[in-house]
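Undergrad: Predicted model and sequence follow; I will ask about them next.
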Amino acid sequence: MDYSNEVLEATPERATKFLTGMGAVAAIRTMMAEAGMTDDDIVEGRTLLLDVLAAPRKSSAASDTADARAQRAATAELDQWDEPNFARYGAALRRRFPDVHAYVFKDLSPSTGTAAVQGVATFLTRLDVLESGADPDRAATKQSDKKAVAFLATRGLDKAERKRLQNLVGVALGPTSPLPEQAELPETARRREALSQLRGWFDEWSTTARAVVKKRGYLIRLGLANRKAPQRKTPAASAEPVDDTDATDLE
């Protein structure tokens with residue numbers, strides 16, 4: 001059968017519980033023996049299980065990309081940059097160019113994570129607008145606006161620094177490349193084959209167990225059923241004790 005990866009990866013745990021459950025309860029082993037399970041069948045299941053546990057998991061597949069790491073680094077750097085620099089540039093503008101301060105820092109404050117990226121991008125865009133005089137609503141203050149941007153350059157926010165920050169914003173906003181396709185490695189194919197063999201063994205004998213083992217407590221012990229969650233009693237509920245071996249079947 002062609003099993004899903006989810007089903008296969010759940011099999012070792014289920015097979016382990018099945019084998020240990022049979023070994024711990026003589027009555028279960030007796031019922032399975034009467035249904036045709038020999039010691040050789042148990043040894044086969046144990047061997048298949050150990051083979052799966054010895055088969056290496058896929059470990060060399062890439063889980064990250066260089067540009068994804070760069071994106072996280074850029075976001076972190078902008079997150080660290082906005083709080084101290086918004087404070088010092090804001091203080092300088094507030095004193096010398098209060099109108100420019102009101103424009104640049106309207107609804108703008110230090111943030112964290114991706115919000116910091118947005119904040120720095122907004123800050124830089126507004127400075128670009130002031131420097132170019134592109135906002136028609138500020139036509140009367142073009143000269144003052146340019147002086148404010150030039151003044152910030154004397155405090156370290158020159159064109160080179162603004163370009164560096166803009167590059168960080170671009171990296172932080174992406175895009176980043178997807179993970180490259182990973183060819184199936186030989187050890188991955190080997191593990192899947194081992195899991196499939198174990199699953200075939202488990203399907204055969206768990207189906208047999210469900211047919212011949214009728215006690216719910218035994219099925220729970222084999223991992224073939226789950227206990228039902230206890231139900232709260234209502235005032236009209238019966239006072240009879242609840243059988244704690246009641247269970248629901250697993251698939």
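TA: Yes, it's here. Numbers count the residues shown, from 1 in each chain.

Undergrad: M37: which element?
TA: Remark: M37 resides in no helix or strand, with elements defined by DSSP states H and E.

Undergrad: just D41 next, same as before
TA: Secondary structure (DSSP H and E) places D41 in helix 39-54.

Undergrad: what comes up buried for whichever helix or strand comes after that helix?
TA: Following helix 39-54 in sequence order, the next helix or strand is helix 66-96 (DSSP H and E). Within helix 66-96, the residues scored as buried using 16 or more other C-beta atoms under 10 Å are 71, 74-75, 77-79, 81-82, 85-86, 89-90, 92-93. Where you see a C-beta, it was placed from the backbone N, CA and C, and this is true even at glycine.

Undergrad: all strands for the stretch 151-251 of the chain, in order.
TA: 225-227, 247-249 (DSSP state E, counting those that start in this stretch).

Undergrad: Grab the nearest non-local neighbour of A24.
TA: Setting aside the residues directly before and after it, A24 is nearest to R221 in space (C-beta to C-beta, 6 or more residues apart in numbering), at 7.1 Å.

Undergrad: Which residues are in contact with the one you found?
TA: 21, 24-25, 28 (C-beta atoms under 8 Å, 6 or more residues apart in numbering).

Undergrad: List only buried entries from those residues.
TA: 21, 25, 28.

Undergrad: Return the residues in contact with H101.
TA: If you count contacts by C-beta under 8 Å, 6+ apart, then H101 has 90, 93-94 around it.

Undergrad: Which is the succeeding secondary structure element to the strand or helix carrying it?
TA: H101 is located in helix 98-104, with elements delineated by DSSP H and E. The helix or strand immediately downstream of helix 98-104 is helix 114-132, counting by DSSP H and E.

Undergrad: Report the rounded mean pLDDT for that next one.
TA: Helix 114-132 comes out with an average pLDDT of 96.

Undergrad: So which of the buried ones among the contacts of R221 sit within helices?
TA: 21, 28 (DSSP state H).

Undergrad: closest to L127 among the buried ones among the contacts of R221?
TA: Nearest to L127 among the buried ones among the contacts of R221: G21, at 70.4 Å, using C-beta to C-beta.
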